[in-house]
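> Below: sequence and its predicted model.
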Amino acid sequence: MNKSLIKKKYKEKIKSLDHYNKRYYNENISDITDAKFDVLKKEIIELESKYNFLKNQNSPVSRVGFKPSKNFRKVAHRKPMLSLANAFDEEDLLNFEKKIFNYLDKKDNFQIEYSAEPKIDGISASLNYKNGKLTIGLSRGDGKEGEDITSNLKTISDIPKIISSEDFPKEIDIRGEVFIQNSDFEKLNEKFANPRNAASGSLRQKNPDETKKIPLKFIAYTYGYEKGLKVSCQSDYLKKLKQWGFKVNPLNKTIVGVKNLMANYDDMEKKRSELDFDIDGIVYKINNFEMQKRLGNVANAPRWAIAHKFSANSGISKIIDIDIQVGRTGALTPVAKIKPINIGGVVVSNATLHNEDEILRKDIRVGDTAVIERAGDVIPHIISVDLVKRPKKSNKFNFPNKCPSCGSETIKEFNSLTKKNDAVRRCSSEGFKCKKVAIEKLKHFVSKEAFNIDGLGKKIVKNFWDLNIIKLPQDIFNLDYKKIELMDGWGKQSVANLRYSINERKNISLERFIYSLGIRHIGLENAKLISRYSKSSKNFILLSKNKNFEDLLNIDGIGETQINSIKIFFLNLENLKVINELDKILKIDNAIEFKKNGSLMNKTFMFTGKLQGMSRAEAKSLIEQNSGSIISNVSKRLNYLITGEKPTKRKVETAKELKIKILSQTEWLKILNKTS
Ligand code: IVH
């Protein structure tokens, strides 16, 4: 890589870090997981240390937080509010200690005493007291300047407004964490991803009366500027804080030796889910202030402290119950209801157990303490359970052999490919007989890729099923709008909107129609293949009459599994009735004939950015109609990159590097018009 390319890459990374920081600190929104954010930060640090020419004073990694928002008056901190370096394992801790030994020129047998404090995941604040009176309260801001949020902080009952203790310093900035307790967070109506966001949102309201509504807490743990503070170590300072009327963390400890720090860390990680406040690690501070002073700071963090972070994608919590969910295809999925726990910024209260075999293999039981993993956007799942912590009277989990929704037998199908029974147990009911299956089928029917009916979301579908308004797909097109208008939560306008969007969808493409039926193994791609083969809804429905299912084997991409599933679907009389009824009501468009030797033959296309006046699906179809094909990443195989509004920069740049032709939407449409 040449110098300018490295600089460009570096700048891009800084730009996105700045963006996430701004969203997080100023708008209280996390657009990125903590783990991904840490990776981004690490990549920047690595680039900086590898390439000297990148070292610029503006590097966001040597900054703390983000510039204060314009909503509040900015005030400089008299002593900067520092950040902490992170440790993730024992090795990091040993390195941390080694550096201290070197710096202080101590021998390996020297023992350091630490103050180990659970790291509350909240918002830090600095409270200035003059002659025992709270004068001003600041947020951290960028570490140098904070926002004047005094009025909001004053609403917090944990924060003393006047302190009359004799030994309280003449002037001091008491620093600590503002947070919201988990039990209070659960009671909130507003939607926040986690307690931290709720605390931050509440603290940075313009109106203190709004702040008051959310019960914020304050825990003190350090100080900034001070005049007349007479203590010589952190543990004594914490004791004093308590005497002066501040809350301090009851789980603070003084510990000697890395081995003991590790034991305390493991213990806290297990206790974490039982605490009423979120902690995301343990902060270790050298207890002795004299030593702290000698060690001083590096860039924006002290040399004498470190944050030992808990894993950003796993946590330990208790299984309260095991629920069995019934899906659209009748599959019974066990889900563990767990005591809510914050994993990497997301509060997790459900974890999938996949299937019966998984529960048996891991011997997962109600009451167990379990390790839960949440990786990326995947549904959280249980890694293992702690047998030592298992309650004495626990029972093996009995997977139901009757469907919990309709009581039908549950079965494990024989898989002819693997010659084994499926791991998944299914409800054996057919068509729309089982309530849960029926509701899931209806939800699928109205979903985005199927009928995409605006205003008929999942909750409404369930509600309408319960009220006997929609039991089968065709009922959607025969609604009694007068009756709905009189129902709770509905009015003239919302009913008119619903009627409009339902009527709009009476005209549908054959592939969407096939997909919406929710036939097992017939997803979007297969529905498209079958629609191209059938050409018209008439032909598709004829399949059931002529029973010539085997003909479908001619379709490239359709195999025994899919054909079997279509057969089963058409053998069911209720399904047949649904299709016939829908065919009467709807106008199902014939499949578009694709040109075999269209002018875009052998050409590959990719889209980036928002297109004007057409959806991606329509654009894709226009290309396919002319024998072109779509690919999903920029590689040498790509012939054209079509850019809409706000294209992904990275894609455009890679395309340029690979000398791929880049077209605007207009340019592309011109080519299309010439060819079709
Ligand atoms: S000491 C110079 N102590 O962690 C020391 N910080 O990444 C800096 N935090 O901004 C602060 N619990 O918001 C300290 N017991 C504790 C803490 C703690 C949570 C937060 C605080 C700080 C961040 C550092």
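Received the coordinates, thanks.
> Now the residue nearest the centre of the chain: which helix or strand?
Centroid-nearest residue in the chain: Asp377, 5.7 Å away (criterion: CA atoms, centre = their mean). Following DSSP states H and E, one finds Asp377 outside all helices and strands.
> cool, Leu543 as well?
Taking DSSP H and E as the criterion, Leu543 maps to helix 537-546.
> can I get the CA coordinates of that helix in PDB?
Taking C-alpha atoms only, helix 537-546 is exported to PDB below (Å, rounded to 0.1, in the frame of the first residue of the first chain):
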ATOM      1  CA  SER A 537     -51.100 -18.600 -11.700                       C
ATOM      2  CA  LYS A 538     -53.300 -20.800 -13.800                       C
ATOM      3  CA  ASN A 539     -50.400 -23.200 -14.600                       C
ATOM      4  CA  PHE A 540     -49.300 -23.000 -11.000                       C
ATOM      5  CA  ILE A 541     -52.700 -24.000  -9.600                       C
ATOM      6  CA  LEU A 542     -53.000 -26.700 -12.300                       C
ATOM      7  CA  LEU A 543     -50.000 -28.400 -10.700                       C
ATOM      8  CA  SER A 544     -52.300 -29.500  -7.900                       C
ATOM      9  CA  LYS A 545     -54.900 -30.900 -10.300                       C
ATOM     10  CA  ASN A 546     -52.600 -32.700 -12.700                       C
END
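> quick one: average pLDDT of that helix?
In this model, helix 537-546 has a mean pLDDT of 90.
> just checking, what packs against that helix?
The contact analysis (3 or more CB pairs under 8 Å, 6 or more residues apart in numbering; DSSP states H and E) places helix 537-546 against helix 510-516, helix 524-534, helix 560-571, helix 573-585. Any C-beta I mention is one placed from the backbone N, CA and C, and that applies to glycine too.
> Give me the three-state assignment for the residue at the greatest distance from the centre of the chain.
For the chain, the residue at maximal distance from the C-alpha centroid (CA atoms, centre = their mean) is Glu166, at 49.4 Å. Using DSSP: H, G, I helix; E, B strand; the rest coil, the structure places Glu166 in coil.
> what's the neighbour count on the nearest residue to Leu576 once chain neighbours are set aside?
Residue nearest to Leu576 in three dimensions, not counting chain neighbours: Ser544, with 6.0 Å by CB to CB, 6 or more residues apart in numbering. Ser544 has 19 neighbouring residues, counting by other CB atoms under 10 Å.
> pLDDT of the helix or strand where Ser317 lies, averaged?
Per DSSP H and E, Ser317 falls inside strand 314-326. Strand 314-326 shows a mean pLDDT of 96.
> List the buried residues for the helix ranked longest in the chain?
Scanning the chain for the longest helix, with DSSP state H as the assignment, gives helix 3-27. Neighbour-count burial for helix 3-27 flags Lys9, Tyr10, Lys13, Ile14, Ser16, Leu17, Tyr20, Asn21, Tyr24, Tyr25, Asn26 (criterion: 16 or more other CB atoms under 10 Å).
> chain center to the helix holding Leu543, what's the gap?
Chain-centre distance of helix 537-546: 43 Å, with CA atoms, centre = their mean, to the nearest Å.
> Keeping just the C-alphas, turn stretch 271-290 into CSV.
C-alpha atoms of stretch 271-290 as CSV (Å, rounded to 0.1, in the frame of the first residue of the first chain):
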residue,chain,number,x,y,z
LYS,A,271,-22.6,-12.1,40.2
ARG,A,272,-23.2,-9.6,37.4
SER,A,273,-26.7,-10.7,36.4
GLU,A,274,-27.8,-10.5,40.0
LEU,A,275,-26.8,-6.9,40.5
ASP,A,276,-29.4,-4.2,40.0
PHE,A,277,-26.9,-2.1,38.0
ASP,A,278,-25.0,-2.8,34.8
ILE,A,279,-21.2,-3.3,35.2
ASP,A,280,-19.0,-3.8,32.1
GLY,A,281,-15.8,-4.7,33.9
ILE,A,282,-13.7,-4.0,37.0
VAL,A,283,-11.5,-0.9,37.4
TYR,A,284,-8.2,-1.5,39.2
LYS,A,285,-6.5,1.5,40.7
ILE,A,286,-3.2,1.5,42.6
ASN,A,287,-4.3,2.2,46.1
ASN,A,288,-1.5,4.5,47.2
PHE,A,289,-1.9,8.1,46.1
GLU,A,290,1.8,8.8,46.3
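> just how off-centre is that stretch within its chain?
Relative to its chain's centre, stretch 271-290 lies at 25 Å (CA atoms, centre = their mean).
> check whether it contacts the ligand.
Yes: if you take CB under 6 Å from any ligand atom as the test, stretch 271-290 does meet the ligand, through Val283.
> Kindly list the main-chain dihedrals of the one residue in the stretch 401-550 of the chain that gets nearest to the ligand?
Distances between the stretch 401-550 of the chain and the ligand by CB to the nearest ligand atom are smallest at Lys459, namely 38.0 Å. Backbone geometry at Lys459, expressed as degrees, to the nearest 10, gives phi -70, psi -40.
> What pLDDT is listed against it?
Residue-level confidence at Lys459 comes out at 94, pLDDT.
> all helices for the stretch 301-450 of the chain, in order.
For the stretch 301-450 of the chain, the helices defined by DSSP state H, counting those that start in this stretch occupy 356-362, 435-446.
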